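Asks: what follows is a protein structure lacking sequence information:
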């Protein structure tokens, strides 16, 4: 791992100087800044994003706990409290501090605290990598499922009346009607006229999603909401609200398929 970056915070210049003199004695550590108060510390943590903050508790414009409470939620700096007062130790650990050091701080004791911080940082990095890998795998699985779901389900590019090209996804087509040398693709958002036949349409997309309900019409099975018996045969109500007539011959075949699928007599 690279050097861990450290920000020192203390309202006593002499205490800051002692930390600045001690940090170079510890391997793989670099000081990137110092602050003399709570407000300055918060701003420097936001801008410098140090790995570790050596934070005094009693500051001239607040406390080290104020600094912790006012940090943004995405702040990831580890906190090591450095103070001359031992009565704050419990509260320090409640704030999830890495360590609580009493002044004057020796290089050996500071090194132990910084190694603890390094372990936290490395563990946090490993967890983040695992999470990112999991998210990547999920995305790949989702993309693979989407790709398989679209196999055999091409989009049709239709030229509109004003000359534009519109993409019509097969899964959006509720039913198709035949009109001379054309077929009309009916979707929830409108209908599109395309040269060809129902037979050619089915050859391209596959017959399985659709069922023929009339010599000149096919309907997507999953778009059927209800079947209404009529004198002419069956009227098919779609989930879009559209209604399609089915003659007696095709109605009998349609009802037979539904009985086979549902077991309804």
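Replies: Cool, got the structure. Fair warning: this is a prediction, and the values are worked out from it, not measured in the lab.
Asks: how about the contacts made by the closest residue to residue 36 other than its chain neighbours?
Replies: Among residues not flanking residue 36 along the chain, residue 11 sits closest, at 5.4 Å (C-beta to C-beta, 6 or more residues apart in numbering). (Each C-beta comes from the backbone N, C-alpha and C, glycine too.) With contact taken as C-beta atoms under 8 Å, 6 or more residues apart in numbering, residue 11 is in contact with 36, 37, 56, 58, 59, 60.
Asks: which of these count as buried?
Replies: When the contacts of residue 11 are checked for burial by 16 or more other C-beta atoms under 10 Å, the buried set is 36, 37, 56, 59.
Asks: tell me the two of the contacts of residue 11 that are most distant?
Replies: Based on C-beta to C-beta, the longest span within the contacts of residue 11 runs between 36 and 58 and measures 12.6 Å.
Asks: which of the three states applies to the residue nearest to residue 36?
Replies: Of the three states, residue 11 takes coil according to DSSP: H, G, I helix; E, B strand; the rest coil.
Asks: next: residue 199.
Replies: Look at residue 199: counting by three-state DSSP, its state is helix.
Asks: how about the helices of this protein, start to end?
Replies: Listed in chain order, the helices of the chain (DSSP state H) span residues 13-22, 38-48, 64-70, 89-94, 107-150, 198-205, 248-262.
Asks: what comes into contact with the third one?
Replies: By that I understand helix 64-70. Contacts with helix 64-70, where a contact means C-beta under 8 Å, 6+ apart, come from 9, 38, 41-42, 45, 53, 55-59, 79, 81, 83, 88, 91, 95.
Asks: at 7 Å instead, please
Replies: Identification of contacts with helix 64-70 by C-beta atoms under 7 Å, 6 or more residues apart in numbering yields 38, 41, 42, 55, 56, 57, 79, 81, 91, 95.
Asks: buried stuff in it?
Replies: 64, 65, 66, 67, 68.
Asks: starting at the chain centroid, how far to that helix?
Replies: A distance of 31 Å separates the C-alpha centroid of helix 64-70 from that of its chain, computed with C-alpha atoms, centre = their mean, to the nearest Å.
Asks: mean confidence (pLDDT) on it, please.
Replies: Predicted confidence along helix 64-70 averages 88 (mean pLDDT).
Asks: what does the first one give?
Replies: In this model, helix 13-22 carries a mean pLDDT of 93.
Asks: and the fourth one, by the same measure?
Replies: Averaging pLDDT along helix 89-94 gives 68.
Asks: one more: stretch 174-186?
Replies: Per-residue pLDDT values across stretch 174-186 average out to 90.
Asks: hmm, who's touching it?
Replies: Contact partners of stretch 174-186, identified using C-beta under 7 Å, 6+ apart, comprise 156, 168, 173, 187-188, 191-198, 201, 216-220, 223, 238, 240, 242, 244.
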